[in-house]
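1. Sharing a model prediction with you, sequence too.
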Amino acid sequence: MGTTYFIFCFIGSILLVGMVFLSFSIRIVREDARLTVYRLGRLIGDKGPGIVLLIPLIDRGVIKQLGDPNETPSRKYVGAVGETLSTVFRDGKVLFSSGEWDAVSQTPIASGRRVRVVRMLLEVEEE
């Protein structure tokens with residue numbers, strides 16, 4: 001009876017320690033972040049997004065936030081006010097403080113009118 005109780009306690013404590021180590025080794029990294037992993041002080045690299053496994057007591061993970069999506073270059077123009085240089089509908093020209101831009105509109109806008117940027121589009125072609 002004493003030996004069975006000892007074995008049961010030993011296995012239970014091993015499982016408990018294993019679960020604690022497992023809980024410290026699993027990290028969930030969000031889509032807008034990365035986990036920089038250091039193993040014994042040496043840089044391993046950036047991991048994520050998703051589930052990242054670390055070796056407890058050996059690996060150290062530091063969360064690194066990626067750039068704010070509201071700080072993208074196209075976002076700074078949304079809401080900017082300019083003036084149409086030609087009639088804008090399917091195509092046209094608009095003057096902003098940053099220069100002359102091609103523009104489109106859902107409805108025709110006459111030349112010389114003040115306009116506001118709603119969104120930015122990027123058109124590309126194969127090189």
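-> Nice, thanks for sending it over.
2. and the gap between P56 and V104?
-> 55 Å (C-beta to C-beta, to the nearest Å). C-beta here means a position set from N, CA and C on the backbone, and glycine is covered the same way.
3. With adjacent residues omitted, what lies nearest to the residue nearest the centre of the chain?
-> Nearest residue to the geometric centre of the chain (C-alpha atoms, centre = their mean): D32, 2.5 Å. Distances taken as C-beta to C-beta, 6 or more residues apart in numbering place L66 nearest to D32, at 5.3 Å, with adjacent residues excluded.
4. right, and that neighbour touches R34 too?
-> Yes: taking C-beta atoms under 8 Å as the definition, L66 is a contact partner of R34 at 6.7 Å.
5. between those two, which one's more packed in?
-> Ranked by neighbour count (other C-beta atoms under 10 Å), L66 and R34 place R34 first, with 20 against 11.
6. now this protein, which segments are flagged as low pLDDT?
-> Residue ranges of the chain with pLDDT under 70: 1, 68-74, 122-125, 127.
7. Give me the distance between the two termini of stretch 55-62.
-> Terminal residues of stretch 55-62 are spaced 14 Å apart (C-alpha to C-alpha, to the nearest Å).
8. can you list contacts of that stretch?
-> 21, 24-25, 27, 35-40, 44, 47, 52, 54 (C-beta atoms under 8 Å, 6 or more residues apart in numbering).
9. If we go by neighbour counts, what in that stretch is buried?
-> 59, 61 (16 or more other C-beta atoms under 10 Å).
10. Check stretch 108-118 too.
-> Buried-residue list, stretch 108-118, by 16+ other C-beta under 10 Å: 109, 115, 117.
11. Pull up the distance across that stretch, start to finish.
-> Length of stretch 108-118, first residue to last, C-alpha to C-alpha: 15 Å.
12. what do you get for stretch 47-56?
-> One end of stretch 47-56 sits 16 Å from the other (C-alpha to C-alpha).
13. next one: stretch 34-47
-> 6 Å.
14. Also stretch 18-31?
-> Here the two ends of stretch 18-31 are set 29 Å apart, with distance taken as C-alpha to C-alpha.
15. What residues of that stretch count as buried?
-> 25, 27, 29.
16. Stretch 33-52 too?
-> Across stretch 33-52, burial judged by 16+ other C-beta under 10 Å covers 34-35, 37, 47-48, 52.
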